[in-house]
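Student: Here is a sequence together with a model predicted from it:
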Amino acid sequence: MRDPVLFAIPFFLLLLTLEWTAARKLEQIVTSQADAARPASGAHLTRDSLASISMGLVSVGTTAAWKALALFGYAAIYAYVAPWHLAATRWYTWVIALVGVDLLYYAYHRIAHRVRLIWATHQAHHSSEYYNLATALRQKWNNSGEILMWAPLPLLGVPPWMVFFSFSISLIYQFWIHTERIGKLPRPFEFVFNTPSHHRVHHGRDKLYLDKNYGGILILWDRLLGTFQPEIFRPHYGLTKPVDTFNIWKLQTREYVAIARDWHSASRLRDRLGYVFGPPGWAPRTARRTDDPIALATSP
């Protein structure tokens with residue numbers, strides 16, 4: 001199987017280089033207009049971008065390994081459990097595959113923000129305080145959650161290779177929405193599809209923007225299921241507890257370490273389970289944390 005993402009990588013790097021060059025050319029203009037408390041719009045920090053690119057390159061290998069493992073399970077489900085097989089030559093099979101992957105991605109993405117164990121994997125993607133095309137490459141290395149989430153598709157008779165292909169299309173689509181260089185697009189497009197404006201909201205750590213706009217290609221799921229938030233002001237990006245490292249191993253594992261630390265500090269089993277399966281920031285009622293997600297300035 002040939003993963004479309006591999007063919008897209010040269011274009012990712014080309015567009016990233018163009019954006020990075022533009023950011024350098026406009027640096028003096030942007031800096032004079034920027035809020036000194038946060039990075040300028042569209043800015044790049046070399047160490048941050050290199051960390052993102054490095055995480056993306058490792059992710060290519062880890063994702064391939066997870067897909068190879070999943071292929072055996074999907075093939076078994078498709079061959080022995082699925083009540084019917086959908087033909088790849090039929091247009092509706094492609095619709096089921098693409099829309100199915102997108103809906104399941106929304107479900108996984110929403111769970112990843114509400115269950116700390118899964119958030120421990122996903123938080124690496126949100127760890128940068130910069131929002132640019134390099135941030136799109138800041139990918140997680142553990143795809144086990146998504147692998148499990150796609151299982152209904154081969155059960156419905158979608159060929160396994162189409163499931164992988166459809167998710168690759170989703171990843172390629174989501175690359176271009178990680179930029180501040182594109183403003184709001186025409187309203188019909190903004191209504192149906194995920195756009196840079198919608199995804200900037202998703203990466204914001206402002207209280208208004210937390211846990212919003214989970215969609216991959218389509219933003220319709222958020223509109224239908226109550227998680228949509230339009231972009232009202234420029235977000236502050238990153239985690240509510242900013243990380244102070246560019247070490248890619250620490251960026252990937254820091255939340256797992258924090259979960260283990262909280263697990264060992266708890267004396268009751270239900271508190272331990274809460275630290276693992278509760279939402280990020282959960283704490284026992286008797287020791288409720290005071291550092292609630294910060295409500296940052298709501299003006300541009």
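Tutor: It's in. Numbers count the residues shown, from 1 in each chain.

Student: Give me the nearest residue to the most centrally placed residue in the chain, chain neighbours excluded.
Tutor: For the chain, the residue lying nearest the average C-alpha position, counting by CA atoms, centre = their mean, turns out to be His125 (5.8 Å). By the measure of CB to CB, 6 or more residues apart in numbering, the closest residue to His125 outside its immediate chain neighbours is Arg138, 5.3 Å from it. The C-beta positions use only the backbone N, C-alpha and C, and glycine is treated the same way.

Student: before we move on, what about Trp221?
Tutor: Tyr106 (4.2 Å).

Student: do the same with Arg223
Tutor: Arg223 sits nearest to Phe191 (CB to CB, 6+ apart), 7.7 Å away.

Student: sorry, back to before: mind listing what the residue nearest to Trp221 touches?
Tutor: Listed by CB atoms under 8 Å, 6 or more residues apart in numbering, the contact set of Tyr106 reads Tyr214, Gly215, Gly216, Leu218, Trp221, Asp222, Leu225.

Student: what pLDDT does it get?
Tutor: Looking at Tyr106, its pLDDT stands at 97.

Student: Secondary structure class of it, three-state.
Tutor: Following DSSP: H, G, I helix; E, B strand; the rest coil, we place Tyr106 in the helix state.

Student: same question, the one 3 residues further on
Tutor: Three states are possible here, and by three-state DSSP the one that applies to His109 is helix.

Student: burial count for Phe228?
Tutor: Look at Phe228: counted by other CB atoms under 10 Å, it has 17 neighbours.

Student: now swap in Ile96 and tell me
Tutor: 18.

Student: my read is Leu171 is in a strand, agree?
Tutor: No: using three-state DSSP, the assignment for Leu171 is helix, not a strand.

Student: Quickly note the distance from it to Asp271.
Tutor: 37 Å (CB to CB, to the nearest Å).

Student: what do you get for Leu208?
Tutor: For Leu208, the distance to Asp271 - CB to CB - is 30 Å.

Student: Enumerate every residue touching the residue of the chain most remote from its centre.
Tutor: Of all residues in the chain, Ser267 has its C-alpha farthest from the mean position, at 33.4 Å, by CA atoms, centre = their mean. Going by CB under 8 Å, 6+ apart, Ser267 touches no other residue.

Student: if we go to 10 Å?
Tutor: Applying CB atoms under 10 Å, 6 or more residues apart in numbering, we find Ser267 in contact with Pro284.

Student: helix, strand or coil for it?
Tutor: Going by three-state DSSP: Ser267 is coil.

Student: What distance do you get for it to Arg90?
Tutor: In terms of CB to CB, Ser267 sits 57 Å off from Arg90.

Student: Can you show me the helices along this protein?
Tutor: Remark: helices assigned in the chain by DSSP state H are 4-25, 27-33, 46-76, 91-114, 116-122, 133-136, 144-149, 152-155, 160-175, 187-192, 196-202, 220-225, 248-265, 269-277.
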